[in-house]
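Colleague: could you work out the structure for the sequence below:
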Amino acid sequence: MLGTDRTIPKDERIMAAAERVFSHKGYSQATLDEIIKIADTGKGTVYKYYQNKENLFYSLVLRKNKPFLEKLQAVAKMDCSFERKLRDYFMELVSFMHENAVIWQVLLFEMSGSASGWKLVRKKGCENQLEVKVTWGEPPTKAEVETVKRYYEVVHSEMAILQNILEGAVNAGVLKPLIDLHAWTGSIFFGIIMSVFHNSNIYDLETAEEMATVITDRFMYGASISRK
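Modeller: Numbering: from 1, shown residues only. Sure, this is the predicted structure:
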């Protein structure tokens, strides 16, 4: 058990145990009891730090997302060509999504709200404002909306950096202006991570580098044989 080494702080042991369980079982099948057992700590300690399973999962997501965002932000600040910046962003994205495939699939599922018949969408013409779109059934409670909203904000913090990179290229005259840059960015971002999830069993660092290079090449030059 992780808790064998009691010099490790309790919250660290709980986080490590949570990552192990959520990565192997997803969200629905994961239990606090199993996490507590692996962390070798008391149930009261887990509830003291995190209150419930949803908060524990969200804390794990934030913990992993913070250094990932820092890497993406470092790429966005690089003094280099747009093509190089795009490739390095894709490299970080592919590598991270491969390493955290199960947890981020759970995150996206929770964010979508699709199992409950509703989801959060951008208000038309208001990129930073969200509204509930109900497809079927009863509308969500305020608490349910707040839960999904915080997952939405995690994912879109990652996507926003790509949008800034693309926007910089548009402003520099490297890319043509777009009617809805946010939607276009989302298509690229989610298309890449879904591809990673679908093929997560075949990826390694070398494959991630190759994939990032191919994505960048296709984005910049399409299927053309010769670059212009």
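Colleague: can I assume Val132 sits in a strand?
Modeller: Yes: remark: Val132 belongs to a strand, assigned using DSSP: H, G, I helix; E, B strand; the rest coil.
Colleague: spatially nearest residue to it (excluding sequence neighbours)?
Modeller: Trp118 (5.7 Å; C-beta to C-beta, 6 or more residues apart in numbering). All C-beta atoms are positioned from the backbone trio N, CA, C, and that covers glycine.
Colleague: so who does that neighbour touch?
Modeller: Contacts here follow C-beta atoms under 8 Å, 6 or more residues apart in numbering; on that basis Trp118 touches Val132, Lys133, Val134, Thr135, Gly137, Pro139, Pro140.
Colleague: how's this structure carved up into domains?
Modeller: 1-51, 61-221 (automatic domain parsing).
Colleague: if we can go back for a sec, is the residue nearest to Val132 in a bridge, and if so with what?
Modeller: Val134 (DSSP bridges).
Colleague: I'd like the distance between it and Pro140.
Modeller: 5 Å (C-beta to C-beta, to the nearest Å).
Colleague: residue boundaries of the strands in this structure?
Modeller: 118-123, 126-134 (DSSP state E).
Colleague: give me the angle between the last one and strand 118-123.
Modeller: Okay, so that is strand 126-134. 150 degrees (axes from the mean of the first three to the mean of the last three C-alpha atoms, to 10 degrees).
Colleague: buried stuff in strand 126-134?
Modeller: Judged by neighbour count (16 or more other C-beta atoms under 10 Å), strand 126-134 contains these buried residues: Leu130.
Colleague: which helices and strands sit right next to the helix of greatest length in the chain?
Modeller: In the chain, assigned by DSSP state H, the helix with the most residues is helix 142-171. Applying 3 or more C-beta pairs under 8 Å, 6 or more residues apart in numbering; DSSP states H and E, one finds that helix 142-171 contacts helix 53-76, helix 82-99, helix 101-112, strand 118-123, strand 126-134, helix 181-198.
Colleague: redo these as CSV? Include mean pLDDT and distance to Gln163.
Modeller: Below are these laid out as CSV (pLDDT from 0 to 100; distance: least, C-beta to C-beta, whole Å):
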stretch, mean pLDDT, distance to Gln163
helix 53-76, 96, 10
helix 82-99, 95, 11
helix 101-112, 86, 17
strand 118-123, 84, 13
strand 126-134, 82, 9
helix 181-198, 92, 4
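Colleague: point out the most buried one among these.
Modeller: helix 82-99 (a mean of 21; mean count of other C-beta atoms under 10 Å).
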